[in-house]
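> predicted structure and sequence below. I'll ask about it afterward.
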Amino acid sequence: MKNNNAKPRKNDKYLVLVLILTILFAAYTFFQKMADAKENPTFEQLKTFSIVLDLIQRHYYEEVDTKKVLYGAIQGMLTSLDPHSSFLKPEDYKELQVETKGTFSGIGIEIATKDGVLTVVSPIEGTPAFRAGLKPNDKIIKIEGKSTKDMTLIQAVKILRGKKGTKVTITIFREGWTKVKDVSFVRDTIPIKSVKSIMLEDGYGYVKITNFQDQTTSDFQKALITLESKNNGLKGLILDLRNNPGGLLDQSVSVADEFLENGLVVYTDGRLENQKMKFNAKPNETKHDYPIVVIVNEGSASASEIVAGALQDQKRAVIVGSQTFGKGSVQTIIPLEDGSAVRLTTARYFTPSGKSIQAKGITPDIVIPFKAKEKENPEKKIEEKNGFFIFEKDLEGHIPSEEETKQNKTEKEQPADNSSAKKDKDKLESDDNATSTFTKDNLLKDNQIEESLRIFKAWKVFSNLKSNN
């Protein structure tokens, strides 16, 4: 028979006590975390964000698409970091994947945002934009009559691209003009093949890389084989990276590696250990032991700067032309579950000798400003005026170079001097390359190519001189 008056066992008392203490500890931990969260500025800002989102959902004059609003908020968060971080909606992410394969159609320009206005970094050679005469630093004021102020790069790209044969009109302004101009383009397939080559003179070859895509290294190797098999092979090679906006990192590393047997090509440095990477050259089965001249300009950016920097630091090539763009930051594409992706700046590039490319660019060994040749039908081209180029350091919110960081600290303690700004502007004044037809005759009229050939010939003469020692 059960005894209802039985006293609780000692073990039962301990069990109840432990249970009570566990509940009290859990409650204490919960409320402590809540208190800590309230003291955390991030928690308060997220709270503000949720309040604003609720206000929009309840009080906006019409029902809103919450997903659209949240995507816009994410985009704003990323673009506040630097000019190259961005949010890619599912359709934008697909566009990016297509772009690296070189199968899209549009007008063919690399763009960035400066002072809230879309600005041309460089036109891609052989495209409608290049043929029409668009220049680095041209301001794109409108696209199809719509203002580009506060327009994101992705939004602009989406409008500029379209079916081959369709028309698009942009309104541009160039330094030195008195008014804006409307320029119409017929969209075309942007060249899939990023490598062009030709023999300029007996023994002197020329290779142009317009951007770095999936097949760039393969096409580059084929171009070298073709040039090296002609007559007595190559005495020298001109590698033209002008107006090359960049592209895939692995392709730029492998292109540079074609001329390097060992040592660093490039390395990256970021906040996390997995962002600290080194890319080393490997011995090549085929040796390319002839001299190399690399031509660069203000439109040479990112991957093209990696190639130029590696060959320069490894003393494998002479770099000629003008100062490059200076995009030395690494963007990592991080896919998300809904098909969208985050393009986030995660590290910076450094040349083998440790020089940062960011907001500085590559300084040529021999500075040779481009001199534009006279055009047969100038009325068919956009009016040309002298102006200054846009560089990475001109982009709003760019990651500063070490020198800029030091300078900013100094400037906070000193009064502003407008004369230095004028000097910087004067430094940027230059002409850019405008070779529009890939023929031997046209290329030989290009003063930077012409000077490169002279360098080879002088190189040969000096190499043949006997030392007096």
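Received, thanks.

> hmm, residue 86 is touching residue 154, no?
Yes - judged on Cβ atoms under 8 Å, residue 86 makes contact with residue 154 at a distance of 6.3 Å. Where C-beta positions appear, they are placed from N, C-alpha and C, glycine not excepted.

> the more surrounded of these two?
In terms of neighbours (other Cβ atoms under 10 Å), residue 86 is the more surrounded of residue 86 and residue 154; the figures are 22 against 19.

> what bridges to that one?
Counting by DSSP bridges, residue 86 is bridged to residue 343.

> pLDDT score assigned to it?
Residue 86 carries a pLDDT score of 92 in this model.

> quick one: the helices in the stretch 101-250 of the chain?
Counting by DSSP state H, counting those that start in this stretch, the stretch 101-250 of the chain has helices at residues 128-132, 153-160, 216-228, 249-257.

> need the ones you listed in CSV with distance to residue 325 and mean pLDDT, can you?
Below are those laid out as CSV (distance: least, Cβ to Cβ, whole Å; pLDDT from 0 to 100):
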stretch, distance to residue 325, mean pLDDT
helix 128-132, 17, 91
helix 153-160, 15, 88
helix 216-228, 19, 96
helix 249-257, 14, 97
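
> who wins for proximity to residue 175 among those?
Go through the helices of the stretch 101-250 of the chain one by one with Cβ to Cβ and the one that ends up closest to residue 175 is helix 128-132, at 17.8 Å.

> ok, residues contacting the closest one?
Applying Cβ atoms under 8 Å, 6 or more residues apart in numbering, the set of residues contacting helix 128-132 from outside is 107-109, 120, 123-124, 183, 185-188, 243, 381-382, 436.

> try it again with 7 Å
For helix 128-132, contacts defined as Cβ atoms under 7 Å, 6 or more residues apart in numbering pick out 107, 108, 109, 123, 124, 183, 185, 186, 187, 188, 382, 436.

> so residue 118 bridges to which residues?
In this structure, residue 118 has the following beta-bridge partners (DSSP bridges): residue 113, residue 140.

> check contacts around it.
With Cβ under 7 Å, 6+ apart as the criterion, the residues that contact residue 118 are 111, 140, 148, 151, 156.

> for it, give me the pLDDT.
At residue 118 the predicted local confidence, pLDDT, stands at 89.

> also residue 136?
You'll see residue 136 listed with a pLDDT of 84.

> ok, residue 468 next?
As predicted, residue 468 sits at a pLDDT of 53.

> quick check, residue 448 in a helix?
Yes - using DSSP: H, G, I helix; E, B strand; the rest coil, the assignment for residue 448 is a helix.

> what's the local residue count around it?
Look at residue 448: counted by other Cβ under 10 Å, it has 22 neighbours.

> so what's it up against?
With contacts taken as Cβ under 7 Å, 6+ apart, residue 448 has the following neighbours: 295, 320, 321, 368, 370, 433.

> dump these to CSV, plus distance to residue 82.
As requested, these are arranged in CSV below (distance: Cβ to Cβ, whole Å):
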residue, distance to residue 82
295, 29
320, 30
321, 26
368, 32
370, 29
433, 28
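
> what's the most distant pair in these?
By the measure Cβ to Cβ, 320 and 433 form the most distant pair in the contacts of residue 448, at 12.1 Å.

> all helices for the stretch 301-450 of the chain, in order.
Taking DSSP H, counting those that start in this stretch as the criterion, the stretch 301-450 of the chain contains helices spanning 303-313, 402-411, 418-428, 440-444, 447-464.

> least confident of those helices, on average?
Across the helices of the stretch 301-450 of the chain, helix 418-428 gives the lowest mean pLDDT, at a mean of 31.

> any low-confidence regions in the stretch 51-200 of the chain?
Residue ranges of the stretch 51-200 of the chain with pLDDT under 70: 99-103, 191-192.

> tell me where it has strands.
If DSSP state E, counting those that start in this stretch is used as the criterion, the strands of the stretch 51-200 of the chain fall at 86-88, 105-106, 109-114, 117-123, 139-143, 146-147, 167-173, 181-186, 188-189, 195-201.

> grab the nearest non-local neighbour of the residue most central in space within the chain.
By Cα atoms, centre = their mean, the chain has its centre lying nearest to residue 302, at 5.0 Å. Closest residue to residue 302 in three dimensions, ignoring its sequence neighbours and counting by Cβ to Cβ, 6 or more residues apart in numbering: residue 246, at 2.8 Å.

> and that neighbour, what pLDDT?
In this model, residue 246 is scored at 91, pLDDT.

> over to residue 429?
Reading off the model, residue 429 has pLDDT 32.

> ok so, going back, which one of the helices of the stretch 101-250 of the chain lies nearest to residue 353?
Distances from residue 353 to each of these were compared using Cβ to Cβ; the minimum, 14.1 Å, belongs to helix 249-257.

> who are the packing partners of the closest one?
Contacts defined by 3 or more Cβ pairs under 7 Å, 6 or more residues apart in numbering; DSSP states H and E place helix 249-257 against helix 216-228, strand 264-270, helix 303-313.

> so which of those is the most surrounded?
Between those, helix 303-313 has the highest mean count of neighbours, a mean of 27, where neighbours are mean count of other Cβ atoms under 10 Å.

> contact partners for residue 64?
Applying Cβ under 7 Å, 6+ apart, one finds that residue 64 lies in contact with 56, 57.

> that older thread, which one's more surrounded, residue 320 and residue 433?
More neighbours surround residue 433 than the other of residue 320 and residue 433, with 24 against 21 (other Cβ under 10 Å).

> per-residue pLDDT, the more buried one?
If you check residue 433, the pLDDT there is 41.

> what is the burial count for the closest residue to residue 228 other than its chain neighbours?
Leaving aside its sequence neighbours, residue 228 sits nearest to residue 234 (Cβ to Cβ, 6+ apart; 5.5 Å). When neighbours are counted by other Cβ under 10 Å, residue 234 registers 20.

> make sure residue 234 is actually in contact with residue 227.
Yes - with the criterion set as Cβ atoms under 7 Å, residue 234 and residue 227 qualify as a contacting pair; they are 5.8 Å apart.
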